[in-house]
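S.K.: Below are the sequence and a predicted model for it; my questions follow.
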Amino acid sequence: MKNFVFVILVLFFSVSCKKELVKEPARLIAKEKMMDIIYDLSLLEAIKYQQPLSLDSVESSPAKFIFKKYKVDSIQFAKSNMYYAADYESYKEMFDEINARLEKEKKNTEIKLKAEEKKAAKAKKVSDAKKAAEAKNNKLKETFEDSVKKKIVKKVNIDSIKRMRRLGHKGL
């Protein structure tokens, strides 16, 4: 009798575990498409908290834009999300894949940012070097022009004194 009750309990638990908590909605969003939607919504949330003013210029809701992009409505998304969330392990795997995708995108973005920063630093260094060389050339040019002007001024003064002596000015 104990074995019979034990077998009945095992069957009862196995049948009750198979029962779906949430019925599959009529217009279920495919798992891959659902992951893409959640990925895009996650990016929008990150943008919203990192740069809140960047989404203020958008006239409609960014989530509506995502739903329109994937041709789903918010109710269809909510029902599909509830359906996938009912299976915890599968839902966790979905979010693990989305998180890995976000991390990969973050690393790629950081690499691009570092490359752009290096390029900007190099361009600034070249620009600064050009400015320094140009300033040095201008200084040399000014120094040369000043020395030429001094010689010309001295020549003019000497020539005018000699000319005045020739003419016989008594003051000199």
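M.R.: Arrived safely.
S.K.: Helices along this protein, start to end?
M.R.: Along the chain, the segments classed as helices by DSSP state H run 2-18, 31-50, 62-69, 74-86, 88-167.
S.K.: Packing partners of the fourth one?
M.R.: Okay, so that is helix 74-86. Packing contacts for helix 74-86, counted by 3 or more Cβ pairs under 8 Å, 6 or more residues apart in numbering; DSSP states H and E, involve helix 31-50, helix 62-69, helix 88-167. For every residue, glycine as well, the C-beta is placed using N, CA and C.
S.K.: let's see 7 Å
M.R.: helix 31-50, helix 88-167 (3 or more Cβ pairs under 7 Å, 6 or more residues apart in numbering; DSSP states H and E).
S.K.: Please apply the same query to the longest one.
M.R.: The criterion is 3+ Cβ pairs under 7 Å, 6+ apart, and the helices and strands that helix 88-167 contacts are helix 31-50, helix 74-86.
S.K.: which one of the ones you listed lies closest to residue 115?
M.R.: Among the helices and strands packed on helix 88-167, the nearest to residue 115 by Cβ to Cβ is helix 31-50 (20.8 Å).
S.K.: Find the nearest non-adjacent residue to residue 33, please.
M.R.: residue 70 (6.1 Å; Cβ to Cβ, 6 or more residues apart in numbering).
S.K.: What residues does the one you found make contact with?
M.R.: Listed by Cβ atoms under 7 Å, 6 or more residues apart in numbering, the contact partners of residue 70 are 33, 36-37.
S.K.: Out of those, which is nearest to residue 135?
M.R.: For those, the nearest to residue 135 is residue 36 (55.1 Å; Cβ to Cβ).
S.K.: Could you list which residues are in contact with the closest one?
M.R.: Residue 36 sits next to residue 70 when contact means Cβ under 7 Å, 6+ apart.
S.K.: cool, and the one 5 residues further on?
M.R.: For residue 41, the residues meeting the contact criterion (Cβ under 7 Å, 6+ apart) are 63, 66.
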